[in-house]
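Student: Pasted the sequence and its predicted model underneath.
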Amino acid sequence: MLRDALPKIITPLPGPKAQAIIERRAKAMPNAIKCGYPCVIARGEGAMFEDVDGNIFLDWIGGVGVLNIGYSRPELIDAVKAQSEKYFHAMMNIVTHEGYISLAEKMNQIVPTKGTPRKTMFVNSGAEADENAVKIARSYTGRPNVIVFSGAFHGRTMLTMTMTGKKAYAVGMGPFPDGIYRAEFPYLYRAPGGMTETEAIAYYVKKLEQLFIEASPAEYVAAIVIEPVQGEGGFVPVPIEYVKALRKICDEKGILLVADEVQTGFSRSGRMFASEYWAEAGAPADIITTAKSIAGGMPLSAVTTSAEIMDAVTGGTIGGTYCGNALSCASALKVIEVMEKEDYPARARAIAEKCNKVFAGWKEKYEVVGDVRGVGCMMGIEFVADKASKTPNAKIVTDIVNYAVQKGLLLESAGTYGNVIRFLAPLCITDAQLEAGLAIYEEAIKACM
């Protein structure tokens, strides 16, 4: 069975069938939608997929965090099929469908925002969720401005491109919307030299407070938007002590704290949501956005907040045609049911424990492994020229990714400097597959040094 298979490459990559399809892709699709991997999927199960030439790959990217529950989960197939036989779509502005309501009720129960009762709205992508969170915050507070962070990624709409720190995602797209201001993210590995963690956090908090003086007065700020673990920024976790400082600032100044859990949500962090760690520390977010693994690959995203905040939104300013599609809602309800029944957060913690031990060993052995970090099963390794200089080493990351795929393991880079490899393996990965992937990964490091 494919879901229990190990990586196996039987043809040079890309194989002949894949090559033909990739050539068709080049003629039919925009060049700006890039893909550097020499494989074309034919079917997938669990953490594995087979390409059109019969090569079998272990996927440690998982649709960039979409496939926490894996490929082709039978329960999801059955749920979507059953819904499809009733109706595909009912627009919530016209005809109420119960799946939307049931999923919203479940999200209101499990998403750890500040304030109850809660309400949830659905859209179609992470970018839409983040954009709607900003609209909700502006409507509730009556304020125009938003603070985001260096290294952030929030999407590719015009507003979320502006919010995103890495401007490679926004080349030639300006002018950008006004009212977005950027603070320095507490990237402890690259904090000013000689600082302790406590000193570094105090430094970054002071930098944020300086923004109120130099960029936007606090009374004009509607929201501070931050990822619990930066994705494209390099899998950099926000320290809990910094989150507690943010919560205090937001409470004092009437600002809403928004957690972008598009990538961290749905068991990846070792909790159903990474911001559960925030709530446990007494610093819950006001608004939480989710997407990616919410529906196992069906297009869906969500914004959850208190009823007080959500019901302050001006009528007609949120929503859309496909928002809360019936098939996607059916899939999401089943995703949550399976994750709770099988305790996916615990599985994430078990995988993380194994990987952290191995990755820590690599950090000791290899001069190019500068930092190992993450929360739960959302981990990154930062590669450097050497540990002393911490000079970003993007070349070795590119080489490792290219080497690994030829052995049947899909890895992906991240980070402002392109020198981080992220770990987003589906949480249904078997122990044997995890071991096989770690072996290929280390072989790639050795080969590319």
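Tutor: Thanks, I have it. Residues are numbered from 1 along each chain as shown.
Student: Count the residues that sit near residue 265.
Tutor: The burial metric for residue 265, expressed as a neighbour count using other C-beta atoms under 10 Å, is 29. Just so you know, the C-beta spots here come from the backbone N, C-alpha and C atoms, and that holds for glycine as well.
Student: what do you get for the one 5 residues further on?
Tutor: Around residue 270 sit 23 other residues, with neighbours defined as other C-beta under 10 Å.
Student: repeat for residue 23
Tutor: Other residues within reach of residue 23, judged by other C-beta under 10 Å, total 11.
Student: give me phi/psi at it?
Tutor: Reported as degrees, to the nearest 10, the phi and psi values for residue 23 are phi -70, psi -40.
Student: Provide the secondary structure category for the spatially most central residue of the chain.
Tutor: Among the residues of the chain, the smallest C-alpha distance to the mean C-alpha position (C-alpha atoms, centre = their mean) belongs to residue 263, namely 1.7 Å. Secondary structure for residue 263, judged by DSSP: H, G, I helix; E, B strand; the rest coil, is coil.
Student: Show the model's pLDDT score for it.
Tutor: Turning to residue 263, the model gives it a pLDDT of 97.
Student: same check, this time on the one 4 residues further on
Tutor: For residue 267, the pLDDT comes out at 98.
Student: Give the burial count for the nearest residue in space to residue 93 that is not next to it in sequence, as a bare number.
Tutor: Nearest in space to residue 93, with sequence neighbours left out and distances taken as C-beta to C-beta, 6 or more residues apart in numbering, is residue 319 at 6.1 Å. Residue 319 sits with 16 neighbouring residues when counted by other C-beta under 10 Å.
Student: repeat for residue 284
Tutor: 19.
Student: sorry, back to before: close enough to count as contact, the residue nearest to the centre of the chain and residue 66?
Tutor: No: at 9.2 Å, residue 263 does not count as touching residue 66 under the criterion of C-beta atoms under 8 Å.
Student: Overlap in contacts, those two.
Tutor: Listed contacts common to residue 263 and residue 66 are residue 292; contacts here mean C-beta atoms under 8 Å, 6 or more residues apart in numbering.
Student: distance of the residue nearest to the centre of the chain from residue 23?
Tutor: From residue 263 over to residue 23 the distance is 32 Å, taken as C-beta to C-beta, to the nearest Å.
Student: And residue 334, by the same measure?
Tutor: Distance, residue 334 to residue 23, using C-beta to C-beta: 37 Å.
Student: now swap in residue 1 and tell me
Tutor: Residue 1 sits 32 Å away from residue 23, taking C-beta to C-beta as the criterion.
Student: which ones are touching the residue lying closest to residue 228 once chain neighbours are set aside?
Tutor: Leaving aside its chain neighbours, residue 228 sits nearest to residue 274 (3.7 Å; criterion: C-beta to C-beta, 6+ apart). Counting by C-beta under 8 Å, 6+ apart, residue 274 touches 228-229, 259, 261, 264-265, 268, 375-376, 378.
Student: same check, this time on residue 135
Tutor: The contact partners of residue 135, taken as C-beta under 8 Å, 6+ apart, are 313, 317-318.
Student: hang on, the earlier thing: tell me the two of the contacts of residue 274 that are most distant?
Tutor: Among the contacts of residue 274, the pair separated by the greatest distance (C-beta to C-beta) is 259 and 376, at 15.0 Å.
Student: Counting neighbours, go ahead and name the busier of those two.
Tutor: Each of residue 259 and residue 376 has its neighbours counted (other C-beta under 10 Å); residue 259 has more, 30 against 22.
Student: What count of nearby residues applies to the residue lying closest to that one once chain neighbours are set aside?
Tutor: Distances taken as C-beta to C-beta, 6+ apart put residue 285 closest to residue 259, at 3.8 Å, once the chain neighbours are dropped. A total of 31 residues lie near residue 285 under the criterion other C-beta under 10 Å.
Student: Pretty sure residue 285 sits in a helix.
Tutor: No: Residue 285 is assigned coil when assessed by three-state DSSP, not a helix.
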